[in-house]
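Visitor: any chance you could fold what I've pasted below:
(2 chains)
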Protein chains: 2
Amino acid sequence: MISRVLSAELTEHAGQRVTIAGWVHRRRLLKSVSFLVIRDRAGLAQAVCHGGDLPGEESVVEVTGTVTANPRAPGGVELTGPELHVLSEPVEAPPFDLYRPVVPATLPTILDHAPVTLRHPALRAPLEISAASVAGFRAVLDRLGFTEVHTPKIVASATESGANVFGIDYFGRPAYLAQSPQFYKQAMVGVFERVYEVGPVFRAEPHDTVRHLAQYTSLDAELGFVRDHREVMAVLREAVAGMLESVRERAAAAVATLGLTLPEVPAEIPAVHFTEAQRMTGEDEPDLSPAQERWLSRWALTEHGSEFLFVTGYPMAKRPFYTHPDPARPGYSNGFDLLFRGLELVTGGQRLHRHRDYLRALAERGESAAPYEGYLQAFAYGMPPHGGFAIGLERWTARLTGAANIRQAAAFPRDLHRLSP
Amino acid sequence: MISRVLSAELTEHAGQRVTIAGWVHRRRLLKSVSFLVIRDRAGLAQAVCHGGDLPGEESVVEVTGTVTANPRAPGGVELTGPELHVLSEPVEAPPFDLYRPVVPATLPTILDHAPVTLRHPALRAPLEISAASVAGFRAVLDRLGFTEVHTPKIVASATESGANVFGIDYFGRPAYLAQSPQFYKQAMVGVFERVYEVGPVFRAEPHDTVRHLAQYTSLDAELGFVRDHREVMAVLREAVAGMLESVRERAAAAVATLGLTLPEVPAEIPAVHFTEAQRMTGEDEPDLSPAQERWLSRWALTEHGSEFLFVTGYPMAKRPFYTHPDPARPGYSNGFDLLFRGLELVTGGQRLHRHRDYLRALAERGESAAPYEGYLQAFAYGMPPHGGFAIGLERWTARLTGAANIRQAAAFPRDLHRLSP
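Guide: Predicted coordinates:
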């Protein structure tokens, strides 16, 4: 390894001669003195230079110098008497100056030049928060006895919902990209009881919206031996709390860069039944509109001091066929959504677990059981009552960081129009 | 949650009346007494029953009983005076008895019935080892300052290698499934310096072999500010050691079920240069044959007591265009393979990092730079010397568990013929 210290470690080396390495974040040429601000994975460091040909921004350099106190430098120290070694030089200028605190570019410009624009601390920060969130998700589920699984992304039939599916040529046969690991994670409950998967899912979303991507990262969990959906909600509460705890611990710099206030997760997240949500918002459509979701979120904040709200008992007609009905209220389900800051963030619920219930549910919807043969196998061999949920990682990150567009929460988003970089 | 204790916890409850839940692993009906062996995610537990209609194998049950010592029962205790509650019953019998220690079925039967056959402890074990390995991989890289990334699986051009790529209809435009996150992880070195990704990759492998899958899980890492490939090898050594440590800790039961002896990772894994490997095996083809790889592995074990062996310096002609040449030996690369028990397990190396070197490398291979435009962007803006590696998770697990076929290391493998379940 290049023997280097990171920018954030410089203060520990006051008075010593050390080497740092990184990108020239900013070059400031003044009359008698010049400053190079070096960016590495830990932050920024400043070198004070006198004369000489200084490398331009985004050059990759090693700088050896003496760590000298300067209250006005980042971290309170700077490198003096520097020797420079240029490792590589850019051949193009970034579409905007990466050192400007506020990004002076439109989203298409940012996305078209992602390999360089993501180097901007404010554009990189959501991805750091995303990584920390996933680590927290896994840590909670590992602690709760879940096993990680990896399931097929190429499937034989477009089962979850016929539309919005990408077709693929599979050795001359038609196949599809998986819209979710739903069927596989349920099958794996029969093996491990409690499973999770973090992986890409694919939706051929034909609309250009600020909240949909053609590929996103789904944080899926599924657990067996539950009484009903409420135990699933309890696990989801733990997962979300763990994600936030991990963001606080592992992505503190990114949180500070973006000036975020992270939400608190109540010990028990408030929950309202769908019919009650309808009554409060004075509508009676079979689903909640975005305006209703926003109203309910405000209500939860005012009434319960919570930025999170469960809506339970969605009508069976609006939920997938594998949803478990509420035994006490025919027509309503043991399915739930988790709203966060005005938006549906997570969908989950209890699933059917008896083979005959699947056959009946499909028949009632006028669907043939044939395309589901592989799926129904799991239930033919004995399955416990179970349920689960799926968190859209980019939607979570966008909501947490206040991004107006979900594309700001993905490194290289895919949508109706965008297939590169 | 159903208030239950796990099979493995029963000994802590001796003399108490508790409830366990799981699948009927085996029902043994004797003249005066019957035994139900219950399988849950932690292991097996036995209930002693007198008379009554007992549920058959793979029924899902709750059993409440008194924890009573019996040296011959699993874990030294059993449940006596049991009350049974059946949660669901199978409608089909598994293709073989899951309680038989040796699986009496062929691989196609196992794979065709994966939702139930994976419940067999010996068939489930590789997946537990796989999950533990990934956890270890992440733990090591997290500790070393890596950031997790999620990159596109749908790409605009089939760049890594023109053949063996799955075509996809992307909103009416042709696109492809990513064969690796190579280009994206390199670009992200420009953002985070050190990145990893655990995700699916896709190869339209037209051959039916025991070591290839159409979808597999790739453990990818890439790091900047290296002197050459040897620093990459040092990180890989840490990753492999951490994977094995995690398997020992988190998958001890699976290791015991399969009766495995896990390898030791030497503090420094022995390395031979490609030309030396050729000399020792008396061949001079531009690549190593499977027979040579087996010979070299045996040599490393005999000579260095290591089940792992690095082969370095593969000829440039046999490595991808982004490979960094060995400055001291023209024609040879700073690329390496890691052999494990006779098989190539990991490929890695130092990459080019200067924009002009990419243009030259493509020109020398007679390739146009146009399809690589998005990729080359990263290098246009200044990139440090860097390198990385990719471990095939299923190949690792198969090698570790002694599986003859890589399909035994995937829950639902995809290959030339298999698209379900």
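
Visitor: and the pLDDT for A:L400?
Guide: Note for A:L400: predicted pLDDT of 97.

Visitor: can you show me the helices along the stretch 1-150 of chain A?
Guide: If DSSP state H, counting those that start in this stretch is used as the criterion, the helices of the stretch 1-150 of chain A fall at A:107-112, A:114-117, A:121-143.

Visitor: among the ones you listed, which is the most enclosed?
Guide: When you average the neighbours per residue for each of the helices of the stretch 1-150 of chain A (mean count of other CB atoms under 10 Å in any protein chain shown), helix A:114-117 leads with a mean of 24. The way it works is simple: take the backbone N, C-alpha and C, and place the C-beta from them, glycine included.

Visitor: interface residues of the stretch 301-421 of chain A facing chain B?
Guide: By CB under 8 Å from any CB of the partner chain, the residues of the stretch 301-421 of chain A that approach chain B are A:353-356, A:373-375, A:377-378, A:380-385, A:393, A:410-412, A:414, A:416, A:419-421.

Visitor: so which of those sit within helices?
Guide: A:355-356, A:373-375, A:377-378, A:380, A:393 (DSSP state H).

Visitor: which members of those are the farthest-apart pair?
Guide: With CB to CB as the measure, no two of those lie farther apart than A:R356 and A:L393, at 35.9 Å.

Visitor: higher neighbour count, the two?
Guide: More crowded of A:R356 and A:L393, by other CB atoms under 10 Å in any protein chain shown: A:L393, with 23 against 13.

Visitor: might you report the residue contacts of the more buried one?
Guide: Each residue near A:L393 by CB atoms under 8 Å, 6 or more residues apart in numbering or on different chains is listed here: A:130, A:133-134, A:198, A:216-219, A:409, B:150.

Visitor: I'd like those as CSV, with pLDDT appended.
Guide: Supplementary listing: the contacts of A:L393 in CSV, determined by pLDDT from 0 to 100:
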residue, pLDDT
A:S130, 98
A:S133, 98
A:V134, 98
A:V198, 98
A:Y216, 98
A:T217, 98
A:S218, 98
A:L219, 98
A:A409, 97
B:H150, 98
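
Visitor: ranking those residues by neighbours, who comes first?
Guide: Among these, the one with the most neighbours (other CB under 10 Å) is A:S130, at 28 neighbours.

Visitor: quick revisit: any chance of a ChimeraX selection covering the buried ones in the ones in helices among the residues of the stretch 301-421 of chain A next to chain B?
Guide: Selection of the buried residues among those in ChimeraX, burial being defined by 16 or more other CB atoms under 10 Å in any protein chain shown:
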select /A:355,374,375,377,378,380,393
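
Visitor: let me have the ones in helices among the residues of the stretch 301-421 of chain A next to chain B in JSON lines, extended by pLDDT.
Guide: Below are these laid out as JSON lines (pLDDT from 0 to 100):
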{"residue": "A:H355", "pLDDT": "97"}
{"residue": "A:R356", "pLDDT": "97"}
{"residue": "A:E373", "pLDDT": "88"}
{"residue": "A:G374", "pLDDT": "87"}
{"residue": "A:Y375", "pLDDT": "90"}
{"residue": "A:Q377", "pLDDT": "92"}
{"residue": "A:A378", "pLDDT": "94"}
{"residue": "A:A380", "pLDDT": "97"}
{"residue": "A:L393", "pLDDT": "98"}
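
Visitor: what's stretch A:94-106 in contact with?
Guide: Counting contacts by CB under 8 Å, 6+ apart, the residues touching stretch A:94-106 from outside are A:25-26, A:37, A:39, A:57-58, A:109-110, A:112-113, A:116-117, A:119-120, A:122-123, B:381.

Visitor: extract the CA atoms of that stretch and return them as CSV.
Guide: Written as CSV, here are the backbone C-alpha positions of stretch A:94-106 (Å, rounded to 0.1, in the frame of the first residue of the first chain):
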residue,chain,number,x,y,z
PRO,A,94,-15.6,18.3,-14.8
PRO,A,95,-18.9,19.8,-15.9
PHE,A,96,-18.7,22.1,-12.9
ASP,A,97,-16.2,22.9,-10.1
LEU,A,98,-16.4,20.1,-7.5
TYR,A,99,-15.3,22.4,-4.8
ARG,A,100,-18.4,24.6,-4.9
PRO,A,101,-20.5,23.8,-1.8
VAL,A,102,-23.8,24.1,-3.8
VAL,A,103,-23.9,22.0,-7.0
PRO,A,104,-24.4,24.4,-9.9
ALA,A,105,-25.7,21.8,-12.4
THR,A,106,-29.0,20.2,-13.4
